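K.L.:
Sequence first, then the predicted structure:
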Number of protein chains: 4
Amino acid sequence: MRDMVEIGMGKAARRGFHLDEVALVPTRRTRDVNEVSTAWQLDAYRFDIPCVAHPSDATMSPDSAVALGRAGGLGVLNAEGLWTRYEDPIPVLHELSQLDEEAAATRRLQQMYAEPIRPELIGERVKQIRDAGVTVAVRVSPQHTLQLAPVILDAGIDILVVQGTIVSAEHVSTTDEPLNLKEFIADLDLPVIAGGCTNYQTALHLMRTGAAGVIVGVGADDFSTTDTVLGIRVPMATAISDAAAARRDYLDETGGRYVHLIADGGLGTSGDIAKALGCGADAVMLGEPLTLATDAPAGGAWWHSAASHPKLPRGMFSPAGEQLGTLEEVLYGPSDDPEGAMNLFGGLRRAMAKCGYSDLKEFQRVNLILDR
Amino acid sequence: MRDMVEIGMGKAARRGFHLDEVALVPTRRTRDVNEVSTAWQLDAYRFDIPCVAHPSDATMSPDSAVALGRAGGLGVLNAEGLWTRYEDPIPVLHELSQLDEEAAATRRLQQMYAEPIRPELIGERVKQIRDAGVTVAVRVSPQHTLQLAPVILDAGIDILVVQGTIVSAEHVSTTDEPLNLKEFIADLDLPVIAGGCTNYQTALHLMRTGAAGVIVGVGADDFSTTDTVLGIRVPMATAISDAAAARRDYLDETGGRYVHLIADGGLGTSGDIAKALGCGADAVMLGEPLTLATDAPAGGAWWHSAASHPKLPRGMFSPAGEQLGTLEEVLYGPSDDPEGAMNLFGGLRRAMAKCGYSDLKEFQRVNLILDR
Amino acid sequence: MRDMVEIGMGKAARRGFHLDEVALVPTRRTRDVNEVSTAWQLDAYRFDIPCVAHPSDATMSPDSAVALGRAGGLGVLNAEGLWTRYEDPIPVLHELSQLDEEAAATRRLQQMYAEPIRPELIGERVKQIRDAGVTVAVRVSPQHTLQLAPVILDAGIDILVVQGTIVSAEHVSTTDEPLNLKEFIADLDLPVIAGGCTNYQTALHLMRTGAAGVIVGVGADDFSTTDTVLGIRVPMATAISDAAAARRDYLDETGGRYVHLIADGGLGTSGDIAKALGCGADAVMLGEPLTLATDAPAGGAWWHSAASHPKLPRGMFSPAGEQLGTLEEVLYGPSDDPEGAMNLFGGLRRAMAKCGYSDLKEFQRVNLILDR
Amino acid sequence: MRDMVEIGMGKAARRGFHLDEVALVPTRRTRDVNEVSTAWQLDAYRFDIPCVAHPSDATMSPDSAVALGRAGGLGVLNAEGLWTRYEDPIPVLHELSQLDEEAAATRRLQQMYAEPIRPELIGERVKQIRDAGVTVAVRVSPQHTLQLAPVILDAGIDILVVQGTIVSAEHVSTTDEPLNLKEFIADLDLPVIAGGCTNYQTALHLMRTGAAGVIVGVGADDFSTTDTVLGIRVPMATAISDAAAARRDYLDETGGRYVHLIADGGLGTSGDIAKALGCGADAVMLGEPLTLATDAPAGGAWWHSAASHPKLPRGMFSPAGEQLGTLEEVLYGPSDDPEGAMNLFGGLRRAMAKCGYSDLKEFQRVNLILDR
């Protein structure tokens, strides 16, 4: 079904496509923008916009998780970030907002994240978000899930996000007890989002663990170096479409369980968001785009979690630059930025209207054109 | 018939090509340049060159519409531009000709276009063009057609241009009365040009509304951001060829109604114009290239209509740069610019001659070669 | 046989490849460089290297035509260049060697070439070359062939080069008497090289005129703007291969007439030359690469003939830069330039040796690999 | 089996792919990094990491060959480099570490390498490495193998590397006695590594000479100009896969002789190394990446052997830049460089773990995805 290309004698590869290689094709119908809905629902939780925050300290503090929740999206706090390592991370975030030299930045990040996690802080942070009345989601890495999940769950959250660069349903380890996601999820009574993954097979197996949502992609943007360090690069248009096929097949094999796909990677503008959804995603995970808001925790600086790895950093530090407006303006406008970085979901809504669709599920069927 | 490419499992896309990916292939015959005609005719109106102005305030004032008409092309005034918002737009245009900072420029454009349209000015502007004895064409957006068309038609125009970024034959709205193009055109006794559109199906439906001309493309050039904001990008060589197929099929289904295709997007040089016509267009719509004339209304500055959108701007402001010569010289030379931005239609004529064709209709059959 | 690609519904294009998209594939045999011959022969004239000069004033004066002939190549003087317009072109060439501003440069070129051709100078220039004892070749444009050929032939040349950007075997004109190449060549008793052409059909028809050599390509390099001005761009690997097919078919239809192919375009380094020959060319026409010699007529400045067109210039002026060595060193080394611009034919020889071939005719069969 | 593309009528080419066009696809399984082995074995010699040094004076002195051997890789000293031309090459290397002007650098390299080889120095250098207790490998060019091999072998080495840009099993020469690799190797009782080669056929014939290892590629990196000078460019993903097919076919035809493939070219980061092994290589040959170590012989400057060719240099001199850490850190980390140039084999190990493989032989089967 997919193009197989002979790389050499006896070695074939599938052809993958990036979001910027495809574009939306309007239909013969157009709509008013106010005829369009961008709402979606994960388990019992309904959101006005298909926007999940990438759980980075650069975008998500307890305050900004609340702000995003109030604005109609889903904030996600990192249980292994600065907010659970420092009683008061404000001075650290302030220093990061002032940092500008890249080489030293990596070393400084490594030092900051060398501080141990203090489990008691997790409850405090969660309480702050929960008290604000928004949906509470917390991220934990697969490596630390068995250790930290009890604390996180005790804190009273709504959604658990088990996220690493690459997460599989079957992790092999002989030294530590490996996380068995399927058993872990079966024991919980709250929805779990798990990922990232990059292909049909892994997505399908993650769905079979009982996850309510699966993250597609490795969160790669211009500042990620997963490709140069690990040789793993994810053409997102293909990864999302493949995972959508897994969602359909899993829906069939379970007689109706719909797992939501959250696209994480290569998303900078409202046009990118529209394309990811047009390829079949149910929502997008945004990192760097949210740092353009004036209320971003580190003043606009951006780095991936993997950028602070003590032995093998896999992301570049992006110093704080000009900020465009409030989080509300970044999401809903009005925009005075002509390049699609503001009014992200107003742009999505207009794209859907111009193409003639009225809701996200229909919009997943939009035609695409592929160009160079 | 067209290459379908599997983007992922269960999601295919058609492959589209841009004008700069194709080139003309000469035949085994060559001609003298003076054996070549570039004339075309829309309804009762005949033009020496297949040049329609993009209805932007940056290119079209009443004066420059007259100048283009006298030079053999078709000027188009925007009924929703500065000339119908300001009694005297000269100071505004002068300010734009001096503007150089991009970010502030968007905000300033938004302010300028926040001024309401004064319908009484439409008649005044039209009269000025009509009195000069050239073909009078005025552009209105689909959203404002029902409201402004009576005033525009009363003013005594020859051709009405109903143009938005994406225009369909079937607009859905529950709050406003949507424009039914087919009924609207049936009631008129003057030719209508409608568009833009991006594919076969929409082009065919626009032809079925009774339009005399259909605009293909969304007017995208280096300063347009339709792609990054909306995810809609139009490979023009493909869009034009597809619309030419719709023209041929519509000609067949109507037993002889020939609808003219006007290509709008990606056209900067005489070579680009030749390629658009070689792909099947009957004429080209030029925006930014005409701002290189010394008599351009805003002194060479350039912006798209969508660049001033109050909530979602979709185009960058290009400050005035060096201007190359008079409008006459930009169209017919002599040129001292080696990069194809002057003597646009002398260049077209020479391309046709080198390839061995003597008129535009024949030239639509020129062979193309595709490269990287 | 060739990939046809659907550009749009009802419009297909052939896929063309540039020289920089292909590379040579060595065989399982290698050779010593001194086992390799780069010689070729056109009619009665034998050359050590497959190097024909592009007849530009930037590369060819009577002196440099002699120098190239002595070095084993074929110099070609332009009968319509500065040497036949000015009694003493040295001051003009000197001015060009000092020129550095591009926009003004085009205007200045247009002025210089506005000077009329003085036929009596043709004989003088030819005599100077002939007296030096090398093969004498002169270029004339198709437009001026009927008028200038008698003078040129009287001057006593060995090879006539009838060259324009695009030359066909069938030129249509109603105002002037068009050149009928076939009749013209039949009346001559010296070999004619004609071109450029860009495809199989035109190449075959040029061969049928009786030409001894056919130029493939339009001489396009980084400074040519044939593409942006006329929309004609020639992927040279494809153009050469197609013309080589025409050569083979013509050889068959005539029972043994072998027409030489001279590739003109996209050739900057010894690697490019090797690829052009590997695609099937018998020789290459070099322009800009020869201006890197210290004895280049305009001190290293470079421009195409079409760059001085009075109404539609189609090439940029490249100011004189650093020069690498004598013409002998540019052709044969020793080189101290690591980027392949010196020792052009030593590089070719080594490429042939590394790939295991011993003469040019065999080398045309070398395998190619295509990459991005 | 492979895509053949028509370049033109009658000239086809195979499509080749570079390492940066492919990426690794994880499986549905992941592993702990400490479950992964990167060990390999060539003949009787076992190595912790699949790292062979490119035998350049910029990376390999006797000291650094020892350091690499102790770190688990294989150092290779060039028998025709500065260490065998100068009694004391330290001042020369120091000068190279200070050199910054490129054009003059090529001339200076040519002068330095004009110094004749002093065979007696070979024994001295080898002794120094052997005395340190690591595996001793020395490189000689095919041209000088017959002359220098006796001296090299007498010195007591473990592995002989016969390496030129392009090496074939069948070299044709009428002036010198050509090296017959098969006879030469048959007479030796130590393993020989031979290459580079670029395709299946040449790789297979090199295997049939009895070589224990075959080098695939011409060592091309950003500083190599083999492509521009010779027209030979090697898409490494294809070259490695093809050679892996030759290895498999040779294994079959010999009933079990496994020849190791060492990829040489296009390798700058841990991600590149992972991809080369994923395409089928058994080990990689590293040049420029090793110059980033603080103990690199020329302080971080980098040049290819061919860069000093007296008549046809084929590589650019890269002046010394910032160095990242010790050789140990470059190979094993910890890294504070986010772009994959440090902790090269820690990065490889993590890539293998994320993709779910536990040793190099299994990892050769990893799935690939091809993108633009």
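P.N.:
Right, received. Where do you want to start?
K.L.:
any idea how far the residue nearest to A:Met352 when sequence neighbours are not counted lies from chain B?
P.N.:
Of all residues not flanking A:Met352 in the chain, A:Val36 sits nearest, at 4.8 Å (C-beta to C-beta, 6 or more residues apart in numbering or on different chains). Backbone N, C-alpha and C define where each C-beta goes, glycine included. Using C-beta to the nearest C-beta, to the nearest Å, we find A:Val36 at a distance of 10 Å from chain B.
K.L.:
Just to check, A:Val36 is in contact with A:Ala353?
P.N.:
Yes. Contact criterion C-beta atoms under 8 Å: A:Val36 and A:Ala353 qualify, at 5.1 Å.
K.L.:
mean confidence for whatever helix or strand A:Pro91 lives in?
P.N.:
Assessed by DSSP states H and E, A:Pro91 sits inside helix A:90-98. Helix A:90-98 comes out with an average pLDDT of 96.
K.L.:
Could you list the residues in contact with the very next helix or strand once past it?
P.N.:
Sequence-wise, the next helix or strand downstream of helix A:90-98 (DSSP H and E) is helix A:102-112. Applying C-beta atoms under 8 Å, 6 or more residues apart in numbering or on different chains, the contact partners of helix A:102-112 are A:82, A:85, A:92, A:95-96, A:99, A:303, A:307-310, A:313, A:316-317, A:319, D:336-338.
K.L.:
among those residues, which ones are buried?
P.N.:
With burial judged by 16 or more other C-beta atoms under 10 Å in any protein chain shown, the buried subset of these is A:82, A:85, A:92, A:96, A:99, A:303, A:307-309, A:313, A:316-317, A:319, D:336-338.
K.L.:
ok, the residues you listed vs A:Ile369, which is closest?
P.N.:
Distance to A:Ile369, by C-beta to C-beta, is smallest for A:Met316 among the buried ones among the contacts of helix A:102-112, at 32.2 Å.
K.L.:
what's the distance between that closest one and A:Trp303?
P.N.:
From A:Met316 across to A:Trp303, the span is 8 Å (C-beta to C-beta, to the nearest Å).
K.L.:
Identify the contacts common to the two.
P.N.:
A:Phe223.
K.L.:
which residue is nearest the middle of chain A?
P.N.:
The centroid of chain A falls nearest to A:Met285 when counting by C-alpha atoms, centre = their mean (2.8 Å).
K.L.:
was I right about that residue contacting A:Ala263?
P.N.:
Yes. A:Met285 is within contact range of A:Ala263, at 6.7 Å (criterion: C-beta under 8 Å).
K.L.:
How about stretch A:248-268 and chain B, any contact?
P.N.:
Yes. For stretch A:248-268 and chain B, the contact criterion (C-beta under 8 Å from any C-beta of the partner chain) is met by A:Arg248.
K.L.:
surely A:Gln143 meets A:Gly164?
P.N.:
Yes. At 7.3 Å, A:Gln143 counts as touching A:Gly164 under the criterion of C-beta under 8 Å.
K.L.:
So the two - more neighbours on which side?
P.N.:
A:Gly164 (23 against 16; other C-beta atoms under 10 Å in any protein chain shown).
K.L.:
Just the pLDDT for the more buried one.
P.N.:
Reported pLDDT for A:Gly164: 94.
K.L.:
what are the ranges of the strands in the stretch 101-250 of chain A?
P.N.:
A:137-140, A:159-163, A:170-172, A:192-197, A:213-220 (DSSP state E, counting those that start in this stretch).
K.L.:
Now do the helix ranked longest in chain A against strand A:213-220, angle only.
P.N.:
Among all segments of chain A classified by DSSP state H, the helix with the greatest residue count is helix A:236-254. For helix A:236-254 against strand A:213-220, the angle by axes from the mean of the first three to the mean of the last three C-alpha atoms, to 10 degrees is 160 degrees.
K.L.:
show me the contacts for A:Tyr332.
P.N.:
Counting by C-beta under 8 Å, 6+ apart, A:Tyr332 has contacts A:71, A:343, A:345-346.
K.L.:
Among those, which one has the most neighbours?
P.N.:
Busiest of the contacts of A:Tyr332 [other C-beta under 10 Å] is A:Asn343, holding 27 neighbours.
K.L.:
Quick check: that residue touching B:His309?
P.N.:
No. Contact criterion C-beta under 8 Å: A:Asn343 and B:His309 do not qualify, at 9.7 Å.
K.L.:
Contact residues of the stretch 201-350 of chain A facing chain C?
P.N.:
So the stretch 201-350 of chain A never meets chain C (C-beta under 8 Å from any C-beta).
K.L.:
give me the residue from the stretch 201-350 of chain A nearest chain B.
P.N.:
A:Ser241 (2.3 Å; C-beta to the nearest C-beta).
K.L.:
I'd like to know how many residues surround that residue.
P.N.:
30.
K.L.:
Read off the pLDDT value for it.
P.N.:
97.
K.L.:
Just to check, it is in contact with A:Cys279?
P.N.:
Yes. Here A:Ser241 reaches A:Cys279: they are 5.2 Å apart, a contact under C-beta under 8 Å.
K.L.:
what residues are shared contacts of the two?
P.N.:
In contact with both A:Ser241 and A:Cys279: B:7-8, B:11, using C-beta under 8 Å, 6+ apart.
K.L.:
top of these by neighbour count?
P.N.:
Busiest of those [other C-beta under 10 Å] is B:Gly8, holding 27 neighbours.
K.L.:
Among the contacts of A:Tyr332, which ones are in helices?
P.N.:
A:345-346.
K.L.:
mind checking the backbone torsions on A:Ala274?
P.N.:
Dihedral angles of A:Ala274 (phi, psi; degrees, to the nearest 10) stand at phi -60, psi -40.
K.L.:
Would you mind naming what in the stretch 151-300 of chain A lies close to chain D?
P.N.:
A:165-176, A:197-199, A:201-202, A:205, A:225, A:227-235, A:238.
K.L.:
Which ones, among those residues, also lie beside chain B?
P.N.:
Near chain B, by the rule C-beta under 8 Å from any C-beta, you find A:Thr238 out of those.
K.L.:
Mind giving me the ChimeraX select for the residues of the stretch 151-300 of chain A next to chain D, buried ones only?
P.N.:
This is the ChimeraX syntax for the buried subset of those, where burial follows 16+ other C-beta under 10 Å:
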select /A:165,166,167,168,169,170,171,173,197,198,199,201,202,205,225,227,228,229,230,231,232,233,234,235,238
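K.L.:
Residue ranges in chain A under the pLDDT threshold?
P.N.:
The model of chain A has pLDDT under 70 over residues A:1-2, A:102-103.
K.L.:
before we move on, back to that, show me the common contact partners of A:Met285 and A:Ala263, please.
P.N.:
Joint contacts of A:Met285 and A:Ala263 (C-beta under 8 Å, 6+ apart) are A:Gly217.
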